[in-house]
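>>> Next come a sequence and a model predicted from it.
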Amino acid sequence: MRIFLVLFFSITMLTLQAQLVNQGGTITVKSGATLVVESNLTNTTGSIVLESGATLEITGNFTNQATMNFNAASEVIFTGSSNSQVTSSGGTFGKVRVDKTSANVVLADDMIINGQLNFAGTNAKVVLGGNDLTMGSSSSVAGAGGSNYVVATGSGRFIKPISANSTLTFEVGDNDVSTNYSPLSAAITGSGYSSATVGVNLVNAVHPNKPGTSSDYLTRYWNVLAGGITGYSANLTGTYIAGNDVVGTQSLIDGASYNGADWDYTNAAHSGSTVSSTATNTDIGFTGFKKGDVVLNLTAYIEGYMDGGSMRPVLQNSGETGTGTQCDNLTVELRNATAPYALAHTFDGIINTNGTMTCTYPGAASGNSYYIVLKHRNAVETWSASPVLFGSTNNYSFASGSAQAYGDNMVQKGSVWCLYSGDINNDEEVNPGDYTLWVISNANGDIGYYDTDLDGDGEVTPGDYTIWVINNGLGVFVLKP
């Protein structure tokens with residue numbers, strides 16, 4: 001025969017100093033009553049019921065292995081000066097008050113709170129470890145700050161629901177070495193919400209993908225995971241501990257989010273001990289650093305220099321400083337997408353015989369869109385087909401097809417597409433003015449590094465004229481927005 005234990009607490013308070021273990025019975029705490037357990041409470045095979053307005057106060061561990069039915073207006077209070085481990089087994093709490101002194105509530109599995117989470121103690125925290133703490137649709141957090149917060153440095157996340165455009169605050173921090181309260185605010189907008197949530201945890205370390213060129217950065221980052229939101233955008237603001245989390249100069253550190261492939265610096269900013277930026281990816285790492293150099297890995301070929309599948313080592317052929325793998329000097333400009341004739345950034349370097357070149361620009365270039373413009377001493381200026389959104393590392397090839405250049409303004413040589421050669425005087429077209437310069441240089445028997453040497457063999461000969469005459473006949477000129 002199964003025996004059911006039903007306790008109706010109509011008195012103000014009942015205190016049990018020994019461990020309370022429920023095996024097969026039903027413990028019901030009535031509205032207005034308080035059950036105090038000054039040790040552990042374990043519900044093995046029965047059920048625990050907290051009615052609206054009921055209170056359960058626990059000093060030790062709370063372990064539910066069966067059924068718990070807690071009204072959203074009931075409250076569980078964790079007290080004392082030692083840790084309380086909480087096992088919910090899928091059960092849902094109403095209100096939870098952490099009223100400990102220099103002790104924590106430690107989750108043994110996932111926890112759901114439908115009411116208020118109230119940090120009422122001193123140096124009292126909720127420690128997630130590898131478990132999630134999920135708040136309900138009408139829940140809230142009170143008393144967080146300083147030394148009272150959610151320790152979210154494991155794989156578990158602090159999760160909050162969202163059903164419309166609003167701002168969520170995640171009261172998180174770490175307790176790895178010292179007390180570090182570092183909350184994250186997320187002002188979220190979207191076009192649709194369906195069972196939407198946002199979850200956050202943090203790591204007390206440098207983000208593993210921080211650009212190596214940045215020498216001013218935070219040793220802290222937040223992981224932000226959103227779900228169920230269409231058209232997601234989040235303005236993130238993270239608070240850090242200036243005395244613990246800064247390497248280099250604090251005033252140079254702005255917010256940035258990592259989407260798994262690159263850094264996004266949209267609206268990157270800082271203020272005091274906070275960093276901020278806007279993220280549109282739903283799964284990102286968010287931190288702060290001074291924007292390091294922006295890298296552009298470029299591929300391009302110059303028509304006249306082609307010799308088989310690569311370009312000639314022009315610098316070496318003409319007696320200039322250069323190696324057998326270096327072709328010639330090239331200027332690579334970045335021009336604003338909305339004002340294409342306004343020069344934003346420029347880089348002068350040497351393109352290799354295999355068509356590759358690495359360009360670096362100031363970190364301010366990241367997060368903006370630019371036309372990539374190639375300028376060479378005797379080739380036609382060539383623009384990228386459209387603006388390119390720059391991150392910290394970028395790749396662009398003019399060689400893979402004519403559509404890579406604005407107006408398809410390139411010529412094919414073998415398997416690659418090349419910049420047209422022949423604009424010797426750089427007036428943006430191949431015309432008789434270029435021929436005049438070649439005639440003079442050819443008559444002088446020029447040998448060396450001359451703009452009139454269109455094929456890059458180190459001397460001015462009729463071979464260069466052949467390149468010019470074909471492109472002059474085609475009426476080649478610069479095409480740009």
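Done, it's in.
>>> Tell me the spacing between residue 28 and residue 70.
Separation of residue 28 from residue 70 (CB to CB, to the nearest Å): 11 Å. Any C-beta I mention is one placed from the backbone N, CA and C, and that applies to glycine too.
>>> any common contacting residues for these two?
Shared contacts of residue 28 and residue 70 (CB atoms under 8 Å, 6 or more residues apart in numbering): 48, 49.
>>> Could you find the closest non-adjacent residue to residue 292?
residue 213 (3.2 Å; CB to CB, 6 or more residues apart in numbering).
>>> How about the contacts made by the residue nearest to residue 300 when sequence neighbours are not counted?
Excluding its sequence neighbours, the residue lying closest to residue 300 (CB to CB, 6+ apart) is residue 398, at 4.3 Å. Contact analysis of residue 398 by CB under 8 Å, 6+ apart lists 298, 299, 300, 301, 374, 382, 384, 404, 405, 410, 417, 419.
>>> Filter those down to the ones in strands?
The strands, defined by DSSP state E, take in 298, 299, 374, 382, 417 from the contacts of residue 398.
>>> Tell me, what's the model's pLDDT at the last one?
Okay, so that is residue 417. On pLDDT, residue 417 comes in at 98.
>>> and it, how many neighbours?
23 (other CB atoms under 10 Å).
>>> Report the contact partners of it.
Applying CB under 8 Å, 6+ apart, the residues near residue 417 are 301, 398, 399, 400, 401, 402, 404, 405, 410, 411.
>>> Kindly recompute the last result at 7 Å.
398, 399, 401, 402, 404, 410 (CB atoms under 7 Å, 6 or more residues apart in numbering).
>>> how much space between the nearest residue to it once chain neighbours are set aside and residue 383?
Excluding its sequence neighbours, the residue lying closest to residue 417 (CB to CB, 6+ apart) is residue 410, at 4.4 Å. Between residue 410 and residue 383 the distance is 11 Å, computed by CB to CB.
>>> of these two, who's got more company?
Using other CB under 10 Å, the more surrounded residue of residue 410 and residue 383 is residue 410, with 25 against 22.
>>> That one is in contact with residue 421, isn't it?
No: counting by CB atoms under 7 Å, residue 421 is not a contact partner of residue 410; they are 11.2 Å apart.
>>> Residue 28 and residue 70: which is more packed in?
Between residue 28 and residue 70, counted using other CB under 10 Å, residue 70 has the larger neighbour count: 26 against 19.
>>> Okay, and the beta partners of that one?
Beta-bridge partners for residue 70, by DSSP bridges, are residue 50.
>>> so what's it up against?
With CB under 7 Å, 6+ apart, residue 70 has these contacts: 50, 92, 93, 94.
>>> Please dump those residues into a markdown table; it should also carry secondary structure for every row.
Supplementary listing: those in a markdown table, determined by DSSP: H, G, I helix; E, B strand; the rest coil:
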| residue | secondary structure |
| --- | --- |
| 50 | strand |
| 92 | strand |
| 93 | strand |
| 94 | coil |
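>>> quick one: stretch 414-425 to chain centroid distance?
Put simply, stretch 414-425 sits 39 Å off its chain's centre (CA atoms, centre = their mean, to the nearest Å).
>>> now the end-to-end length of that stretch.
27 Å (CA to CA, to the nearest Å).
>>> and what of stretch 44-52?
Stretch 44-52: ends 23 Å apart by CA to CA.
>>> what's the neighbour count on residue 211?
Neighbour number of residue 211 under other CB under 10 Å is 22.
>>> host element of it?
Residue 211 is part of no helix or strand when elements are defined by DSSP states H and E.
>>> Ramachandran angles for residue 270?
phi -150, psi 160 (degrees, to the nearest 10).
>>> For this protein, give me the ranges with low pLDDT.
1-18, 177 (pLDDT under 70).
>>> now with 80?
1-18, 176-178, 212-213, 292, 364 (pLDDT under 80).
>>> quick one, helices of it?
242-245, 314-317, 432-443, 462-474 (DSSP state H).
>>> For the third one, give me every contacting residue.
Spelled out, that is helix 432-443. 422-425, 427, 450, 452, 460-461, 464-465, 468, 472.
>>> can you redo those residues as a markdown table with distance to residue 23 and neighbour count?
Below are the contacts of helix 432-443 laid out as a markdown table (distance: CB to CB, whole Å; neighbours: other CB atoms under 10 Å):
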| residue | distance to residue 23 | neighbour count |
| --- | --- | --- |
| 422 | 93 | 26 |
| 423 | 91 | 28 |
| 424 | 95 | 25 |
| 425 | 96 | 15 |
| 427 | 94 | 12 |
| 450 | 97 | 21 |
| 452 | 98 | 24 |
| 460 | 100 | 26 |
| 461 | 101 | 19 |
| 464 | 97 | 25 |
| 465 | 101 | 18 |
| 468 | 97 | 24 |
| 472 | 98 | 17 |
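>>> Closest one of the residues you listed to residue 32?
Nearest to residue 32 among these: residue 423, at 89.8 Å, using CB to CB.
>>> just checking, the closest one touches residue 429?
Yes: assessed by CB under 7 Å, residue 423 is found in contact with residue 429 at 6.5 Å.
>>> Distance-wise, check residue 78 relative to residue 377.
75 Å.
>>> same thing with residue 110?
As defined by CB to CB, residue 110 lies at a distance of 65 Å from residue 377.
>>> Quick one: the helices of the chain as TSV, columns for distance to residue 43 too.
Below are those laid out as TSV (distance: least, CB to CB, whole Å):
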stretch	distance to residue 43
helix 242-245	41
helix 314-317	80
helix 432-443	90
helix 462-474	86
